[in-house]
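S.K.: need a structure here:
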Amino acid sequence: MKITKKRVGLGVAIVVALGILGWVFKPAPAEATEIDVYGSLNYMISNNEDANGNATSKAENNGSSIGVNFSEELAEGVTGFATIEVDVDTDDSGSSPFDSKLAYAGVDMGDAGTLSAGRQNSVFKNAVTSKTDIFPEYGGKAAQKLFSRDSHTVTYTNSVGPLSIDNMVKVDGSTGKSGVDVYETAATMSINDSIDVGLGYSDDKVNDVQYYGAGVTVALSDDTSVGYNYTTKDTATDVKANEIVAQHSIDGTTLQIGYADVEDGNTYTTFGAKREITESLELYGAYEMADNAGSTDTSGMSVGFKFKF
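M.R.: Residues are numbered from 1 along each chain as shown. Next up is the predicted model:
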């Protein structure tokens, strides 16, 4: 095997960096690892009509999952953490009843920021498209199929006052070259505890696609909020999308409405409602109409329950 000076230099740099980290993060007094187990069982019955007018009904899983959070003090002001979360296939429709959703570990260094690696949520999603992600089913069309989470990622986050800056890289060798395959950066800010603003950029070097976006949520009162996001998918032909949503809660019932306009000519109108029966049990329903340019309109409806712990 050929060993180049570049590889030797990289190896030395890694060893030195680990040595410095070991010196800086002096061991803290022994503390018990904090463990938090969480999860949900989410099941629904849906009825979706395709462009040919054929309606299909189905009782199915809707994102059931189980996860564990770990955290432990590593040194004064430094905390290590990890999360493992898996989708639970309650329909037994695949080769395995579990599918990796999140799996990452990192270190919170206080004012120096937070560094983590593994399978994580997209920082673009967290800053931009999450602003309109309110429905139990359907919605989210302005995301333009940008991945919501991915493996082989490293994320660094730091804050300056109310401004938080997140950077994420994906390195999995998909380009066939050394270096970054996907790069994302995002900035978020909260204003007066009632307005959350986010900007994001994603560069997928593997598929030669860039995404730009901005999102905002505004809490009009304790019971009412609105959200909006705008995205551009920059390919050979740019595709722009807008989505706006609103929700209002009345005595434990939340009513939702949303509208999305994608530049490919399709528009979507979505209605939703959810009712908290207990702190753990929620019932929900949703209905979406799709006005498809150049083809027959489609629609879908669903009702379901979510039990969380």
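S.K.: Name the residues of the helix or strand hosting G304 that come out as buried.
M.R.: In this structure, G304 sits in strand 298-308 according to DSSP states H and E. Going by neighbour count (16 or more other C-beta atoms under 10 Å), the buried part of strand 298-308 is 298-306. C-beta coordinates here come from the backbone N, C-alpha and C atoms, glycine included.
S.K.: any idea which of those is closest to N48?
M.R.: G300 (3.9 Å; C-beta to C-beta).
S.K.: contacting residues for the closest one?
M.R.: The neighbourhood of G300, defined by C-beta atoms under 8 Å, 6 or more residues apart in numbering, consists of 46-49, 137-138, 287-288.
S.K.: what's the spacing between it and S221?
M.R.: As judged by C-beta to C-beta, to the nearest Å, G300 and S221 stand 31 Å apart.
S.K.: M168 too?
M.R.: In this structure, M168 and S221 are separated by 34 Å, where distance is defined by C-beta to C-beta.
S.K.: again with K141
M.R.: If you measure K141 against S221 using C-beta to C-beta, the figure is 27 Å.
S.K.: So for these two, which residue has more residues nearby?
M.R.: Set side by side, K141 and S221 show unequal neighbour counts under other C-beta atoms under 10 Å, the larger going to K141 at 24 against 9.
S.K.: for the more buried one, what are its contacts?
M.R.: Contacts here follow C-beta under 8 Å, 6+ apart; on that basis K141 touches 241, 243, 260, 262, 266, 268.
S.K.: related to what we said a few turns ago, quick one: which of the buried residues of strand 298-308 is nearest T254?
M.R.: Within the set of the buried residues of strand 298-308, K306 lies nearest T254; the separation is 12.8 Å, counting by C-beta to C-beta.
S.K.: Please name the bridge partners of the closest one.
M.R.: On the basis of DSSP bridges, K306 takes part in beta bridges with N42, E282.
S.K.: let's number from 27 now, not from 1
M.R.: Shifting the count to begin at 27 puts that one at K332.
S.K.: I'd say it and N68 touch.
M.R.: Yes. At 4.6 Å, K332 counts as touching N68 under the criterion of C-beta atoms under 8 Å.
S.K.: Identify the contacts common to the two.
M.R.: With contacts taken as C-beta under 8 Å, 6+ apart, K332 and N68 have N88 as neighbours in common.
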